[in-house]
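Enquirer: I'd like to go over a predicted model; first the sequence, then the structure.
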Amino acid sequence: MTEEKRLKSSVELAMERLAKKDADAGVETRTVSDAQKAAIAEARNFYDVKLAEQAVLHQAKMRAAFDPAVRETIAEEYRRDCARLTSERDSKVEKLRQS
């Protein structure tokens, strides 16, 4: 079969439909350069390390606390810190993609 006549997988068909839908909606696609990919990977790695550090600190604090109210406060702080770090990571990655 020639390249034009070959059968397409369902993934290829779905991607074509999505690309057409984006084109109809006026969404433009941009490619990410190698430098941007490296910067994005570095940013993600940095925040992954920060999140892992928070997890270790959280576990240490939880082992030291016995009062349920204190444990709940520690857990809430951990959730808040994780949400903040994740938000920072996502915004930084988006800025890197836009640059």
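Expert: Yep, it's here.
Enquirer: Does Lys61 touch Thr73 like I think?
Expert: No. At 9.7 Å, Lys61 does not count as touching Thr73 under the criterion of Cβ atoms under 8 Å. No exception for glycine: its C-beta is placed from N, CA and C like everyone else's.
Enquirer: Show me which of those two is the more surrounded one.
Expert: Neighbour count, other Cβ atoms under 10 Å: between Lys61 and Thr73, Lys61 has more, with 16 against 13.
Enquirer: Distance of the closest residue to the more buried one other than its chain neighbours relative to Val32?
Expert: Once flanking residues are discounted, Lys61 sits nearest to Ile74: 4.9 Å by Cβ to Cβ, 6 or more residues apart in numbering. From Ile74 across to Val32, the span is 39 Å (Cβ to Cβ, to the nearest Å).
Enquirer: about what we covered before: what's the residue nearest to Lys61 in contact with, if anything?
Expert: Shown in contact with Ile74 (Cβ atoms under 8 Å, 6 or more residues apart in numbering): His58, Lys61, Met62, Ala65.
Enquirer: Low-confidence ranges, this protein, go.
Expert: 1-4 (pLDDT under 70).
Enquirer: List the contacts of the spatially most central residue of it.
Expert: The centroid of the chain falls nearest to Asp90 when counting by Cα atoms, centre = their mean (6.0 Å). Residues near Asp90 by Cβ under 8 Å, 6+ apart: none.
Enquirer: and it, what element?
Expert: helix 68-98 (DSSP states H and E).
Enquirer: Now that helix: buried residues?
Expert: Ile74, Tyr78, Asp81, Leu85, Arg89, Lys92, Val93, Leu96 (16 or more other Cβ atoms under 10 Å).
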